[in-house]
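next comes the sequence, and after it the predicted model I'd like to discuss.
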Amino acid sequence: MSSTANSPNTDTPAKGSWFVSLLVKAAIFFTGLAACGALVVSLALALAWPNLPDLSAMTDYKPRVPLRIYTADKVLIGEFGEERRNIMAFEDIPDVMKSALLAAEDDRFYQHNGINIKGIGRAVLANLAAGAKTQGASTITMQLARNFYLSSEKTYTRKFYELLLTFKIESMLSKDQILDLYMNQIFLGHRAYGFAAASRAYFGKPLTEITLAESAMLAGIPRAPSRYNPISNYNEAKRQQVVVLRRMLNLGYITETEHQAALDQTIEIKSAEGMPAGGYAVHGEYAAELARQLLHGVYKDGIYSRGFNVYTTIDSKDQEAAYRSVRDAVLQYTRRARYPGPEDHVKLKDNIEQDTEALSDVLADVQRQHPDAGDLLTGVVLAASPTEITVARSVDQIITIDNKRALNIVARGLVRNANAKERIERGSVVYLFNNGEYWEVINMPSVQAALVSMRPQDGAIRAMVGGFHFSDGKFNRVTQAWRQPGSAFKPFIYAAALEKGLTPETLISDQPFQLTAAQTGSKPWNPKNYGGRYENMLTMRNGLYKSKNMVSIRIMQAIGPKYVQDYVVRFGFDRERQPAVLPLALGAGSVTPLQLAAGYSVFANGGYQIQPYLIDHITDGSGKVVMRANPVVSGDSRARAIDGRTAYVMNHMLRGVATSGTGSRASATLKRNDIGGKTGTTNDSHDAWFAGYTPDLVGIAWMGFDQPRSLGSGETGGGLSMPIWIDYMKTALKDVPQKPLGPVPSGLKASNGNFYFDEFPEGKAILRVGLPSALDDSLYIEDGSGGNATAENDGIGRLLNQLQNEPGDALDALELVPF
């Protein structure tokens, strides 16, 4: 009994000891585990913390700012780079934008230390309720750490580093500094980084002008920039805006009245000038692209992220005038040419006008295939007759063309028996143009034109338009198109003759002649005057005024083709492109418009060869000037190209051309007497030129087809290119005072309307260049002593072969060369 009775007393202490022992052991185990964990964490911190990035990279942050190209008067004309940024001081960012962002992303930003515990709890509950991840808990500081230093991969290691870096940022930067960095560098879609750039990208305005409704829409973008931006998905962006506005109301950031007004506001999506979809205030695409190419040759791809600001020599007012004058001339030529027919044709189902969604889809597809080209706008014909054309630009923009002058342009395509290619009918894809008075249907021009102007004193390019539309292929005809200059080249031949003893009053035969195959070494050559009109003898001055081919050829033969070739190189022309043969007298070599501008600058500046230049200076992201142009200027003896007396006499004669000769329309229209110039038209009207200048500005206008073919019977430089030049100069020369020719330079004598060099005085200067009494095929010069000289025809056959076997391929005709 006793043993049985004592047994519980014996067992109870033993069991209690065991339980206590178990608790002690568990406590020791978990304490050890915690210690080990703490040790591991400490070790991890000790290893990871020193490897965290230095925050100086963040505090001294230099974002990838794109290359920006400006005019001389600081108007943006180009931007190149993957990222578009507009860095803004924190105090300049509107409070409404800051409030919207905090409501959307991190309303306890100024209370937490980088980790929002309440936000994490709220996100966990929301995700559990939804059964999926619908809400994140990353704070603004965490996002900043991730964006600056870390990848977006979803690993525990990355998350650990993100947390550590978050604490480091919070410990070393103020809250305002953190928010400043975030708001200036976060990606917000469409290559826009930071809210200032996003405001321009989506609303076309600076951030300082943003409304509450627009702020809320921008604040909703960071969660998914590609999905929530208003260009890619306006409806989703609107939904996010509503969410942000509700959060702002609940947080007390805005009143109920402000909330409702923001919901009611209609938001216009419009990219600012200079943004991808916004274009630029000035059409300087060709100049901007050339500046980019020049800079890329020095800095390579580094130019796209270093924040370079390139200030060109372009004048924004002149540039826009040049753009408009080129487009107007091309469109005017296109109106006169035969209408080739619609751009394309799409099948429209019956009554599609009542199905706005279906019509909208058709128009969107057409716009992708045939995008607008500047002010040429794509549309689809809904109905067409000889008296009216109805065109849909969009579901809400239906345009009716019923003006008779507009209908005359495309009348060929509206008649009942129009051929299929030219017929305009329902479903035809056409281009529309608003000329200021009425809408018209016009085809995309196939002809091209170019204009360049420069300051003759130093070569600064003031305007450059390399074609009708830059997106056609970016081929810059000002610098890359090698074309025959025709009669626009004759002044350089005349200048060479002055230094050989001819004078403006030297008489020269204008009678036709022919060189046989034996004389040319190839094929017979039978040059003609334009229009087939000939005179007996003309003064050299009148030969230039009337642009007589026979006179120019006889001058060339008299002074020698080799001498002329050597001489024209002084103006900056390529020797190999100006062969020493007689057709060079008619402009049968090849030049670019920019070369021709530089050549005429020698006349305008008194005889100095200057180099055209486009970039005035470049600054880096901090505003420091890293490059500045140092051009050679006229008056520098090292740049002397031709005798100053020659330049004076040529200016005198070329002013006469622009007053009484083929260029007289220029002076008459602009009402100036200080204009010098020369028209140029090549064989079969392949190229039409006008080269004109004042003492302060040289301009070259050209028109032609990229693959050379005739512009049409009777088309000339005076009719096609001179209007481009005149329209441009109306703006460029406005309020610019006229300049007289100036006094006759030393060593030159003016006598009875003529000019004589001291070394070729009256009695020794050449009086006559013409046919001898026998009227054979030789040419002679009659000087004061009665002597004569015969010039060579060497090499003419080689060029005749070249001219009569022109390549048909456009790339052969327009050789691509670096600037």
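Perfect, I can see it now. Since this is a predicted model, take the numbers as computed values, not measurements. Numbers count the residues shown, from 1 in each chain.

for the nearest residue to residue 343 once chain neighbours are set aside, pull up the helix or strand it's in.
Distance criterion CB to CB, 6 or more residues apart in numbering; nearest residue to residue 343, sequence neighbours excluded, is residue 429 at 4.7 Å. C-beta coordinates here come from the backbone N, C-alpha and C atoms, glycine included. Secondary structure from DSSP states H and E places residue 429 in strand 428-434.

buried ones in that strand, by neighbour count?
For strand 428-434, burial by neighbour count (16 or more other CB atoms under 10 Å) applies to 428, 429, 430, 431, 432, 433.

next: stretch 708-718.
In terms of neighbour count (16+ other CB under 10 Å), stretch 708-718 has its buried residues at 708, 711, 712, 715, 716, 717, 718.

same deal with stretch 176-196?
Within stretch 176-196, the residues that qualify as buried are 178-196, counting by 16+ other CB under 10 Å.

wait, residue 71 touches residue 77, no?
Yes: using CB atoms under 8 Å, residue 71 is in contact with residue 77, at 5.9 Å.

just for the stretch 101-250 of the chain, where's the confidence low?
In the predicted model of the stretch 101-250 of the chain, residues 117-137, 148-159 satisfy pLDDT under 70.

in it, which spans are helices?
Using DSSP state H, counting those that start in this stretch, the helices of the stretch 101-250 of the chain run over 117-130, 140-149, 156-172, 175-185, 195-203, 212-219, 225-228, 234-250.

can you say which of those is nearest to residue 589?
Within the helices of the stretch 101-250 of the chain, the stretch nearest residue 589 is helix 195-203; the backing value is 47.9 Å (CB to CB).

run the chain-centre distance for that closest one.
Here the centre of helix 195-203 is set off from its chain's centre by 22 Å, with CA atoms, centre = their mean, to the nearest Å.

what's in contact with that helix?
Residues from elsewhere that reach helix 195-203, judged by CB atoms under 8 Å, 6 or more residues apart in numbering: 84-88, 93, 97, 101, 183-184, 186, 188-192, 205-207, 209-210, 214, 217-218, 221, 229-231, 267-272, 274-278.

follow-up on the earlier one: nearest to residue 691, out of the helices of the stretch 101-250 of the chain?
Across the helices of the stretch 101-250 of the chain, residue 691 has its closest neighbour in helix 195-203 (40.8 Å, CB to CB).

right, and the helices of the stretch 101-250 of the chain - which one's nearest residue 604?
So among the helices of the stretch 101-250 of the chain, helix 195-203 is nearest, using CB to CB, at 41.2 Å.

on that earlier part again, tell me, what's touching residue 71 and residue 77 both at once?
282, 284, 312, 314, 316, 319.

wait, isn't the fifth one in contact with residue 76?
No: between residue 316 and residue 76 there is no contact under CB under 8 Å: 9.7 Å.

give me the residue at the spatial middle of this structure.
residue 285 (1.0 Å; CA atoms, centre = their mean).

chain neighbours aside, what residue packs nearest to that residue?
residue 470 (3.8 Å).

number of residues surrounding residue 635?
Residues lying near residue 635 (other CB atoms under 10 Å) number 11.

show me what contacts it?
Residues in contact with residue 635 (CB under 8 Å, 6+ apart) are 606, 608.

same thing with residue 231?
189, 190, 201, 202, 269, 271, 277.

if we can go back for a sec, you'd agree the residue nearest to residue 343 is up against residue 348?
No: the criterion here is CB under 8 Å, and residue 429 misses it with residue 348 at 10.9 Å.

what do those two both touch?
Listed contacts common to residue 429 and residue 348 are residue 380; contacts here mean CB under 8 Å, 6+ apart.

re earlier: and for residue 316 and residue 76, which residues touch both?
With CB under 8 Å, 6+ apart, residue 316 and residue 76 have common neighbours residue 281.

can you pull the pLDDT of residue 77?
Predicted confidence (pLDDT) for residue 77: 93.

distance of it relative to residue 286?
Residue 77 sits 10 Å away from residue 286, going by CB to CB, to the nearest Å.

what's the closest non-adjacent residue to residue 268?
Nearest residue to residue 268 in three dimensions, chain neighbours excluded: residue 203, at 7.2 Å (CB to CB, 6+ apart).

could you do residue 713 as well?
Leaving aside its sequence neighbours, residue 713 sits nearest to residue 685 (CB to CB, 6+ apart; 7.3 Å).

what does residue 365 give?
residue 346 (7.7 Å).

also residue 761?
In this structure, residue 761 finds its nearest non-sequential neighbour in residue 749, 7.2 Å apart by CB to CB, 6+ apart.

buried stuff in the host helix or strand of residue 646?
Assigned by DSSP H and E, residue 646 belongs to helix 644-660. By 16+ other CB under 10 Å, the buried positions in helix 644-660 come out as 645-659.

which among these gets closest to residue 613?
Nearest to residue 613 among the buried residues of helix 644-660, counting by CB to CB, is residue 647 at 21.4 Å.

and the closest one, what is it in contact with?
495, 602, 603, 605, 606, 607.

from these, which single one is nearest residue 239?
Residue 239 lies nearest to residue 605 out of the contacts of residue 647, by CB to CB, at 64.2 Å.

what subset of the contacts of residue 231 is buried?
Buried subset of the contacts of residue 231 (neighbour count, 16+ other CB under 10 Å): 189, 190, 201, 202, 271.

okay, now residue 372: neighbour count?
By other CB under 10 Å, the residues close to residue 372 number 14.

residues in contact with it?
Contact partners of residue 372, counting by CB under 8 Å, 6+ apart, are residue 378.

now residue 744: closest residue in space, sequence neighbours ignored.
Among residues not flanking residue 744 along the chain, residue 750 sits closest, at 5.2 Å (CB to CB, 6+ apart).

is the one you found in a helix, a strand, or coil?
strand (DSSP: H, G, I helix; E, B strand; the rest coil).
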